[in-house]
Structure formats: structure tokens, C-alpha cells
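*Asks:* take this sequence and fold it.
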Amino acid sequence: MLAIVLLAGCASRDRHGLSPQQPSTSDLADAKEVDPAMRERISQALGRDADEATLRDALKEQPNNIDAAIALARALLKRRCPNEALKVLDTVLLDAPSDLRILNAKAVVLDSEGRHREAQELYNQALAAEPENPMLRNNLKLSLALEGKT
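*Replies:* Numbers count the residues shown, from 1 in each chain. The predicted model follows:
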């Protein structure tokens, strides 16, 4: 019943001042000027959804898939969804609490949110296991610099 109401609403004439005549599909196909920025946004949106869906499916099949978790967290952070990225990483951290890559990824997300002290705790936790790791050492230095410490 609800679907019928929604479809009927779409088929009704527009009463808000917009033209009730919609352009035909052939008119749209013949359009010579397509905003390149709009085309790029649409392309990214479609690709992002497919990539995120694939990564989420991979995590459903293998909840401890570190590579998929990091890639999904990166995509979410790029989309400005840091809380969701943290949830993904926290879920994997339950299975692999000492994995350096997950600790680093979570710390990076925390740094991006201005939560530098929490990030530094994670970098230090990871560095305790592998003190000479250049990625962790560099990220800790960046975190300290972002916080205003040297």
C-alpha cells in the first residue's frame, strides 16, 4: 500500500511551480553540455558505494579481514565518516588487539578527528611491540606535531 502511495505521488502533477513536463530520455541523451564536475561526483559516488559494499561483504565473510577493514576505514574517512571508520576498526581490534596495522589505522582516524592523545597512546602501544617501525614512529611524530608538541 505504501509503495502505491509513493508511486502515485511521483506520478502526480507538480504543484510547486516546476514544469509538469519532464524532459524525454532522448532529450537527455542528446544533451551536449554535461557539467564535468557533476559527472565526476556521480562517478565517485557510484564507485564508492560499490567498493564499500564489497568491503563490507568481505568483512561479513571474514570479520578479522584486516586488509578489508583498513580499506573500508580509509573509504569512510575519505567520506568524512570517522565514527563509522572507528567502529569498523574496533570490531577487528576485538579479534586482533595487538595488530600493528589496525592500531595504526585507528590512531590515524583519531588524529584526523583531533583526538591526538588517544592516537598517541595507540602509536605507543604499537611501538612497544615494534620500536623501530618507521611508519609508527613517523605517525607518532606527526601526531605530536599536530598537537603542538615537538
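*Asks:* isn't Tyr123 right next to Lys106, touching?
*Replies:* No. At 10.0 Å, Tyr123 does not count as touching Lys106 under the criterion of Cβ atoms under 8 Å. Where you see a C-beta, it was placed from the backbone N, CA and C, and this is true even at glycine.
*Asks:* count of residues packed around Ala145?
*Replies:* For Ala145, the neighbour count with other Cβ atoms under 10 Å is 11.
*Asks:* ok, it - contacts?
*Replies:* Not one residue lies near Ala145 by Cβ atoms under 8 Å, 6 or more residues apart in numbering.
*Asks:* what does it show for phi and psi?
*Replies:* The phi/psi pair for Ala145 (degrees, to the nearest 10) reads phi -60, psi -40.
*Asks:* check the one 3 residues further on too.
*Replies:* Recorded main-chain torsions at Gly148 are phi 100, psi 10, according to degrees, to the nearest 10.
*Asks:* how about stretch 66-85 as PDB, C-alpha atoms only?
*Replies:* Extracted in PDB, the C-alpha atoms of stretch 66-85 (Å, rounded to 0.1, in the frame of the first residue of the first chain):
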ATOM      1  CA  ILE A  66      42.500  -6.600   8.400                       C
ATOM      2  CA  ASP A  67      43.000  -5.500   4.800                       C
ATOM      3  CA  ALA A  68      39.300  -5.100   4.100                       C
ATOM      4  CA  ALA A  69      38.800  -3.300   7.500                       C
ATOM      5  CA  ILE A  70      41.600  -0.800   6.800                       C
ATOM      6  CA  ALA A  71      40.400  -0.200   3.200                       C
ATOM      7  CA  LEU A  72      36.900   0.400   4.400                       C
ATOM      8  CA  ALA A  73      38.000   2.700   7.200                       C
ATOM      9  CA  ARG A  74      40.000   4.700   4.600                       C
ATOM     10  CA  ALA A  75      37.000   5.000   2.400                       C
ATOM     11  CA  LEU A  76      34.800   6.100   5.300                       C
ATOM     12  CA  LEU A  77      37.400   8.600   6.500                       C
ATOM     13  CA  LYS A  78      37.600  10.000   2.900                       C
ATOM     14  CA  ARG A  79      33.800  10.400   3.000                       C
ATOM     15  CA  ARG A  80      34.100  12.100   6.400                       C
ATOM     16  CA  CYS A  81      32.500   9.300   8.400                       C
ATOM     17  CA  PRO A  82      35.200   8.900  11.100                       C
ATOM     18  CA  ASN A  83      32.900   7.400  13.700                       C
ATOM     19  CA  GLU A  84      31.900   4.600  11.300                       C
ATOM     20  CA  ALA A  85      35.500   4.100  10.500                       C
END
